[in-house]
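**Q** Dropping a prediction and its sequence here:
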Amino acid sequence: MEFYNIGDIMALKFTIEELSNQKRDTLGRNIDVTVFRLIRFMDLERYLGRGAHGVIYECGRELGLALNPKTVEDVVKFCEEYKIGKVEIVNKEPL
């Protein structure tokens, strides 16, 4: 874990390993997808202000950069390992 500044806000930065190694003996390590959907589809602009969806987009982009996948297969493996979804590679050649 490390600290970094975002403007005037002090934030924590965790690795995926640190976040995934949480012990929840009673409830287990997984949560229902409903919780994710509640957060994802709530009125973010109401709570975070205009541009909230852009902030979420940038967070996702930074996550992708932090993961630093070397191959498409690395992305597929990550999505399967963390139960994000099933990825089907239709074409490996870019347009």
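**A** Yep, that arrived.
**Q** now the strands for this structure?
**A** Secondary structure of the chain (DSSP state E): strands at 2-6, 9-13.
**Q** Rounded mean pLDDT for the first one, please.
**A** Right, the one you point to is strand 2-6. Here strand 2-6 scores 49 as its mean pLDDT.
**Q** show me where pLDDT drops low in the chain?
**A** Counting by pLDDT under 70, the chain shows low-confidence ranges at 1-12.
**Q** One more pass at 90, please.
**A** 1-68, 72, 75, 78-79, 81-95 (pLDDT under 90).
**Q** any idea which helix is longest in it?
**A** Assignment by DSSP state H gives helix 52-67 as the longest helix of the chain.
**Q** other SSEs contacting that one?
**A** Contacts defined by 3 or more Cβ pairs under 8 Å, 6 or more residues apart in numbering; DSSP states H and E place helix 52-67 against helix 44-48, helix 72-81. For every residue, glycine as well, the C-beta is placed using N, CA and C.
**Q** Quick one: residues contacting residue 89.
**A** Residues near residue 89 by Cβ atoms under 8 Å, 6 or more residues apart in numbering: 72, 76.
**Q** go again using 10 Å as the cut-off
**A** For residue 89, the contact set (Cβ atoms under 10 Å, 6 or more residues apart in numbering) comprises 72-73, 75-76.
**Q** Restricted to buried residues, select these in PyMOL.
**A** PyMOL command restricting the contacts of residue 89 to the buried ones, with burial defined by 16 or more other Cβ atoms under 10 Å:
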select buried, resi 75
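**Q** highest average neighbour count across the helices and strands packed on helix 52-67?
**A** helix 72-81 (a mean of 13; mean count of other Cβ atoms under 10 Å).
**Q** ok, residues contacting that one?
**A** With Cβ under 10 Å, 6+ apart as the test, helix 72-81 has contacts from 16, 20, 64, 67-69, 71, 84-89, 92.
**Q** Give me the subset of those residues lying in helices.
**A** 16, 20, 64, 67.
**Q** from those, which is closest to residue 40?
**A** Distance to residue 40, by Cβ to Cβ, is smallest for residue 64 among those, at 16.9 Å.
**Q** count of residues packed around that closest one?
**A** Residue 64 has 12 neighbouring residues, counting by other Cβ atoms under 10 Å.
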